[in-house]
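Novice: below: sequence and its predicted model.
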Amino acid sequence: MNSTRIINIVLIVVALVAVAWGVSLIKLPQPVPPMHHVLEGQLTAAGSYHYSEHGDYDTIDVDYPATTTLSGAADVKARTTIEQELADQIAQFKQDGNFANLTAEDVQIQGLGPDRKYALGMTYKVYASANYASYFYTIYEDTLGAHPNAYFLTFVFDKDGNQVGIKDILASNPNGLEELSLLVSNDVTAQMKTRLGMDDVTGAIFAEGLSPTEANYSNFVVDGDSLLIEIPPYQVAAYAMGSFEARIKLKDIQ
């Protein structure tokens, strides 16, 4: 075997080794795990799932996304989180109402029937930003009291489908919660003045509902470059004042 042929063989072997090494560095796409739905709803023309239950004394209607703005495994992870939380809300509603164990006397006293039922409804809006996918739920619950109740539930996911909280958003600022509280308080006060047509609304605002606690700012979404704080009725003012939304630029608190 002459030297030229030996050199060519060596070069071929080196090339093959290099190719094999390069292939080993390529990250092949991971298979997306199947979606095991927690809720078994029906796909609607709007592109969402709708789950409903209609019993003798209660009615439940819930919407949830068929897909998120995330992709692959992150999408499955986020949707599973949403469905599980909604399922927990439904279970709590049923437990509180005790519908399966109502007696004839209970039904008569409460005047339950086709036109008078306990009701639970959940609808959502979608928000997107460069780093997060957000879902804002309005939950309507009629327990046959003086008036139905409305409260909020929000989901914010990072690109990997992990749910994040307000402290994660403010992680780069040790005083983030205090600064957020001040900005939101100013915004809500301005909105209150407009709604009431008054310059002094001190007595109309529940200051505790705006204090710098994680619970007060747990309802939020990320919309583009802004943080939207969603405040349900009763948290900062009387029920008649309704809800509030404060839009804060992320650059002002991060």
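Specialist: That came in fine, so what should we check first?
Novice: how about the strands in this structure?
Specialist: 42-43, 48-54, 58-65, 118-128, 133-142, 149-157, 220-223, 226-231, 244-249 (DSSP state E).
Novice: which other helices and strands contact the longest one?
Specialist: In terms of contacts (3 or more CB pairs under 8 Å, 6 or more residues apart in numbering; DSSP states H and E), strand 118-128 is packed against strand 58-65, helix 72-97, strand 133-142, strand 220-223. Any C-beta I mention is one placed from the backbone N, CA and C, and that applies to glycine too.
Novice: need the contact list for residue 111.
Specialist: With contacts defined as CB atoms under 8 Å, 6 or more residues apart in numbering, residue 111 has no neighbours.
Novice: if we go to 10 Å?
Specialist: Under the criterion of CB atoms under 10 Å, 6 or more residues apart in numbering, the neighbours of residue 111 are residue 144.
Novice: that one and residue 93: what is the separation?
Specialist: 19 Å (CB to CB, to the nearest Å).
Novice: go on, residue 217?
Specialist: Per CB to CB, residue 217 is found 25 Å from residue 93.
Novice: those two: who's more crowded?
Specialist: residue 217 (25 against 20; other CB atoms under 10 Å).
Novice: and the nearest residue to that one once chain neighbours are set aside, what does it touch?
Specialist: The shortest distance from residue 217 to any non-neighbouring residue, by CB to CB, 6 or more residues apart in numbering, is to residue 166 (4.8 Å). Taking CB under 10 Å, 6+ apart, we find residue 166 in contact with 154, 156, 176-177, 180, 213-220, 227, 229.
Novice: tell me where the model's unsure across the chain.
Specialist: Counting by pLDDT under 70, the chain has low-confidence residues at 1-33.
Novice: and the helices and strands packed on strand 118-128: which comes nearest residue 235?
Specialist: If you check each of these against residue 235 by CB to CB, strand 220-223 wins as the nearest, at 13.0 Å.
Novice: what subset of the contacts of residue 166 is buried?
Specialist: 154, 156, 176-177, 180, 216-217, 219-220, 227, 229 (16 or more other CB atoms under 10 Å).
Novice: picking that back up, now tabulate the strands of the chain in a markdown table and tack on distance to residue 193.
Specialist: Formatted as a markdown table, the strands of the chain follow (distance: least, CB to CB, whole Å):
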| stretch | distance to residue 193 |
| --- | --- |
| strand 42-43 | 45 |
| strand 48-54 | 37 |
| strand 58-65 | 35 |
| strand 118-128 | 27 |
| strand 133-142 | 25 |
| strand 149-157 | 23 |
| strand 220-223 | 23 |
| strand 226-231 | 16 |
| strand 244-249 | 12 |
